[in-house]
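Colleague: turn this into a structure:
(3 chains)
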Amino acid sequence: MEFNEIINPGNLVYKKTNLLTDKVLSYCPGCGHGTANRLVMEVIDEMKIQSETIGVASVGCSVLAYEFMDIDMVGAPHGRAPALATGIKRVYPDKFVFTYQGDGDLAAIGTSETIHACNRGENITIIFINNGIYGMTGGQMAPTSLEGMKTSTSPYGRDIESMGHPLKITELVSQLDGVYYVSRQAVHTPSAARKAKKAIRIAFENQKLKKGLSLVEIVSSCNSNWKLSPVKANEWMEENMFPFYPLGDIKVDGVAVKKVL
Amino acid sequence: MTEEIIIAGFGGQGVLLMGKILAYSGMMQDMEVSWMPSYGPEMRGGTANVTVIFSTERINSPILNEFDTAIVLNQQSLDKFESLIKPGGILLYDNSGITRFPSRQDIDIYCVEASEEAARMSMAISFNMIVLGAYLKISPFVKLDNVIKGLTKSLPSRHHHTIPMNRDAIVRGMEIVKKDIK
Amino acid sequence: MAELKLMKGNEAIAEAAIRAGADGYFGYPITPQSEILEYLMVEDAFKRTGMVVLQAESEIAAINMVFGAASTGKKILTSSSSPGVSLMQEGISYIAGAEVPCLIVNVVRGGPGLGSIQPSQADYFQSVKGGGHGDYRLIVLAPASVQEMCDFVPLGFDLAFKYRIPVLMLSDGLIGQMMEKVIMFDQIPRATQFDQSWSLTGKPANRQRNTVTSLDMDPYGMENHNRNLQAKYTKIEENEVRFEAIFCDDAEFIFVAYGASARICQKSTQLARDKGLKVGLFRPITLFPFPKKELLALAGKTKAFLSVEMSAGQMIEDIQIATKGKVNVEHFGRYGGVIHSPTEVLEAMENLIKNS
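Modeller: Predicted structure coming up:
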């Protein structure tokens, strides 16, 4: 096939999302962040709300999200993204405001900001990437690391007695009255990514209703720090993460749809 | 003209409000005023005091360590502030609960039996207004009309029905204040 | 309409914020400044002007709400007192790094730690040297009256937006809690247009996306950013110095004091003049930028300076740097929440005069 034929629009089967910039992603190959970034931008593109959206990037592997997402964004201090989003949404109640946070950011250092933004029912969307480890700083134990999981700060496996239990923060905040929608998804297969995108779409659409906060958790792999190949990491995630962090809707339209264990 | 006053007593006696009314009254008469409370966890029962200054000139320090007038409503305040009155100054006290009486010879000392009078009039909440009346009688820097305006400004509107009663208390204070005879 | 009111310093800040056309206040209760949040709630600022008022779950959240809201180019403020302002330092460093304009009020109380709830000026170093991590400065305004608590709110916002910098109003429990006459300025309408060159409004098709961040992974990029910040601070030092000099023209000895201490020293100055002593008072109004040139000029014709602070001596270091050893500078101050009296300040000056 000639080059001109290849670039013929009729032959197009896949292209970069309009709202992703040309900046090369800083995420490791095999990481779920790239797909999750893309899904959020696809939803904003499809809803035609680029000019109405303000994003809040957090500290962690997605710290440079504002270089990849072609929207107005602010970079928050570690854990404080829900507070920044609160500030923005309160002075711009009709804009779409979202945070993009990892598990260390949202479930450890930012627990207070997370719980209180949820409890106040801020009309924002939280995209929460949970890979059970601190990726950016080189694989330390996260609040969501599983029991027995080996990390650089739990080199012999997470010991519950001395290191505490993995934190199911998504189930925890789903019980707050200010929270309107909670769903846990994954992006490791095309079908999982499609479901995740639907959940993200709902989470953004909900902002128009002004009925409270929407949170979508995306369980992701971190093959670099799990020290597995991308394929093996996804298998490990399915075998170990999903039983503890089961996928599916947890709260829809303000009503719990899954019994919180 | 500058008048530097300390008002001191128990929290809950209306010390701060009395000072606020005086400050408002001074402002109504185009004077410069300042009102500086002791503040903190002293809402009820602890000691409370407020420094009120009114002056025809710009007020410098809102915090003072000597006063033209001290209005003291309990023993601790009397013990603390009697010595801080400028020579020739004024001490006004309520005698209820006082066991060690003022002793200075170089100031004018006035007593108002405000606690007893408030009990007699069955209007304990107007206790501070009786004291205020006593002060206005001794040192008529501000006019009664302006004090009533100050009272109106200082009280939340839900308490405005008490203004006539407070006015009566002020007038009563003016009547019953008496100079200590040395 | 401009109005004459009798108000506490804290209330004056709150009323001035509404009238200055502020778009939002985020704060957390702490003595001795809780009247600010209370006043905004009682006055129903949102009903009056559309100004958002929110009680945050902590000072950490409050300053980050400020960061987010101010990133949109709107007029946002917060207030707290010493321990709370310590908690805010991380956020303030980010805001300074990201060059976001906003107003922060510190009604200082005694420290360190939980300290006391009484007035203090011991947060001077924290305020004028940066406060959090990294090389940065805030514009620091030091009100000495309830009127200035009012007037420095619109002034603070003007400076914040002129230089895209957080402005700190360094007050204390005395100025916050005292009532004085204040002439309140007329209501300024809230802005409807925001600076599209940097602020977050949602990216329209006709401009590049805006990013508000303090991060640059490239150290050379970060060094360059720091150079730009330093150039901005130099410009501020050249253009925004404010001070008041009282009886300094013929003074042989000069009090240097800001905020509440300046008020007390004013009385001491008057008492000294009554005694025939040639004493003056120099009051820095901006603590950063510090009135270095003016103090240096006075140093040449003065026998000694007495720096009076409700601290163990912090501003004295800036006076010494400014005066380059040309004049003897001594410190006097009570601290921990104790306020020095006009006469003890006078005594300190008389001792200095005797020993000079």
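Colleague: where in the chain is pLDDT low?
Modeller: Picked chain A for this. A:1, A:259-261 (pLDDT under 70).
Colleague: wrong one, chain C
Modeller: In chain C, residues with pLDDT under 70: C:1.
Colleague: so which residues of chain B form helices?
Modeller: B:15-28, B:75-81, B:114-120, B:127-138, B:144-154, B:163-176 (DSSP state H).
Colleague: could you dump those helices into JSON lines with distance to A:Leu176 added?
Modeller: Any C-beta I mention is one placed from the backbone N, CA and C, and that applies to glycine too. JSON lines is the format used below for these (distance: least, Cβ to Cβ, whole Å):
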{"stretch": "helix B:15-28", "distance to A:Leu176": "41"}
{"stretch": "helix B:75-81", "distance to A:Leu176": "50"}
{"stretch": "helix B:114-120", "distance to A:Leu176": "52"}
{"stretch": "helix B:127-138", "distance to A:Leu176": "47"}
{"stretch": "helix B:144-154", "distance to A:Leu176": "43"}
{"stretch": "helix B:163-176", "distance to A:Leu176": "48"}
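Colleague: can you pull out the strands in the stretch 101-250 of chain A?
Modeller: A:125-130, A:133-134, A:140-141, A:179-186, A:213-219, A:248-252 (DSSP state E, counting those that start in this stretch).
Colleague: got a markdown table for these, with mean neighbour count and distance to chain C too?
Modeller: Listed next are these as a markdown table, based on neighbours: other Cβ atoms under 10 Å in any protein chain shown; distance: least, Cβ to the nearest Cβ, whole Å:
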| stretch | mean neighbour count | distance to chain C |
| --- | --- | --- |
| strand A:125-130 | 27 | 14 |
| strand A:133-134 | 26 | 17 |
| strand A:140-141 | 20 | 20 |
| strand A:179-186 | 25 | 16 |
| strand A:213-219 | 29 | 14 |
| strand A:248-252 | 19 | 22 |
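Colleague: nearest to C:Leu174, of these?
Modeller: strand A:213-219 (41.8 Å; Cβ to Cβ).
Colleague: what pairs with the closest one, parallel or antiparallel?
Modeller: Strand pairing for strand A:213-219, determined by DSSP bridges: strand A:125-130 (parallel), strand A:179-186 (parallel).
Colleague: what residues does the first one touch?
Modeller: Think strand A:125-130. A:32-33, A:36, A:40, A:62, A:81-82, A:85, A:96-103, A:106-107, A:114, A:117, A:144, A:169-170, A:200, A:203-204, A:206-207, A:213-220, A:245 (Cβ atoms under 8 Å, 6 or more residues apart in numbering or on different chains).
Colleague: over to the last one?
Modeller: Under the contact criterion Cβ under 8 Å, 6+ apart, strand A:179-186 has outside partners A:32, A:118, A:121, A:170, A:173-174, A:192, A:195-196, A:199, A:202-203, A:206, A:209, A:211-220, A:237, A:242, A:245-254.
Colleague: can you tell me the closest non-neighbouring residue to A:Asp94?
Modeller: A:Glu52 (7.5 Å; Cβ to Cβ, 6 or more residues apart in numbering or on different chains).
Colleague: these two touch, right, that neighbour and A:Phe98?
Modeller: No: A:Glu52 lies out of contact with A:Phe98 (Cβ atoms under 8 Å); the separation is 11.6 Å.
Colleague: neighbour-wise, which of these two wins?
Modeller: A:Phe98 (28 against 20; other Cβ atoms under 10 Å in any protein chain shown).
Colleague: just the element for that one, please.
Modeller: For A:Phe98, the enclosing helix or strand under DSSP states H and E is strand A:96-102.
Colleague: tell me what angle that strand forms with strand A:213-219.
Modeller: For strand A:96-102 against strand A:213-219, the angle by axes from the mean of the first three to the mean of the last three Cα atoms, to 10 degrees is 30 degrees.
Colleague: any residues touching strand A:96-102, and which ones?
Modeller: Contacts of strand A:96-102 (Cβ under 8 Å, 6+ apart): A:36-37, A:40, A:44, A:47, A:49, A:52-58, A:60-62, A:65, A:76, A:81-82, A:84-85, A:88-89, A:110, A:123-131, A:135-136, A:203-204, A:207, C:202.
Colleague: kindly report the same for stretch A:221-229.
Modeller: With Cβ under 8 Å, 6+ apart, stretch A:221-229 has contacts from A:28, A:30-32, A:131-135, A:138-139, A:151-152, A:188, A:230, A:232-234, A:236-237, A:241.
Colleague: and if you look at stretch C:82-89?
Modeller: With Cβ under 8 Å, 6+ apart as the criterion, stretch C:82-89 contacts C:28, C:30, C:58-60, C:62-63, C:78, C:80, C:104, C:106, C:108-111, C:113-115, C:120, C:122-123, C:126, C:131-133.
Colleague: among those residues, which are in strands?
Modeller: Per DSSP state E, strands hold the following members of the contacts of stretch C:82-89: C:Thr78, C:Ser80, C:Ile104, C:Asn106, C:Val108.
Colleague: which SS state does the residue nearest to the third one when sequence neighbours are not counted fall under?
Modeller: Using Cβ to Cβ, 6+ apart and skipping the chain neighbours, the partner closest in space to C:Ile104 is C:Leu168 (4.9 Å). Secondary structure for C:Leu168, judged by DSSP: H, G, I helix; E, B strand; the rest coil, is strand.
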